[in-house]
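Asker: Please find the sequence and the predicted model below.
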Amino acid sequence: MMETTDRPGQATDDAVQAAFRAGVRGAPVGLAAYGLAEDHAPFASGPSEALMAETRRLPGLTDAEGAYGTGRVLRRLALLLDRVGAPPSIARQFRDNLAGAVVTHRMRRQRQGWSEDDTVQMVLEMWDRVFGEADATRTRLAEMLTADDMRPGAPKKRSLFSLAWRR
């Protein structure tokens, strides 16, 4: 049964979770919501990415665009953790902390749903606590988390949620 909403601009829970799954798997918006695209086992290059790709839902998400962006950031964070050889427990801990933050955000009945920017800010807050705000790598981390494609030299893609090109 699909959840309805009383707030304009908010999607049903099924649509929101499908958008989240598309983002966390690195798929275009809508692809993960239809048929076989969601039935196969996702390819993951490392244990953190595999952990994130197996995440079926993130409670508290109310906005499809924010859910997709949150999934994208989780995937990028997992790719970074895999690159540096971090154990999957780090990715699991971040995912669990994120779930708590999203649910708390919704419980507070915030006007705006949780977004990609909120997820990036949460990663940066964690970074600041460990390395400090003046760390030069912080800016690069923020750029990597919001990039359309993390591969060097990859072409920029158009957002499926707006007509503007992402930087």
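Answerer: That came through, no problem.

Asker: and Gly85, which of the three is it?
Answerer: For Gly85, the assignment made with DSSP: H, G, I helix; E, B strand; the rest coil gives coil.

Asker: for Val103, same thing?
Answerer: Under three-state DSSP, Val103 comes out as helix.

Asker: what's near enough to touch it?
Answerer: Going by CB atoms under 8 Å, 6 or more residues apart in numbering, Val103 touches Pro59, Gly60. To be clear about C-beta, it is placed using only N, CA and C from the backbone, and glycine gets the same treatment.

Asker: among the helices and strands of this structure, which one scores worst on average pLDDT?
Answerer: Taking mean pLDDT, DSSP states H and E as the measure, the helix or strand of the chain with the lowest value is helix 36-39, at a mean of 48.

Asker: low-scoring pLDDT stretches of the protein, where are they?
Answerer: Within the chain, the stretches with pLDDT under 70 are 1-11, 29-44, 148-167.

Asker: again, 90 this time
Answerer: For the chain, applying pLDDT under 90 flags the ranges 1-15, 18, 21-22, 25-45, 53-54, 56, 63, 84, 106-113, 126-167.

Asker: and Phe94, how many neighbours?
Answerer: By the criterion of other CB atoms under 10 Å, Phe94 has 20 neighbours.

Asker: I meant Val120, not that one.
Answerer: Quick note: Val120 (other CB under 10 Å) scores 22 neighbours.

Asker: Same question for the one 3 residues further on.
Answerer: Using other CB under 10 Å, the number of residues around Val123 comes to 20.

Asker: just the helices in the chain please.
Answerer: 13-25, 36-39, 47-53, 64-83, 88-107, 116-131, 137-146 (DSSP state H).
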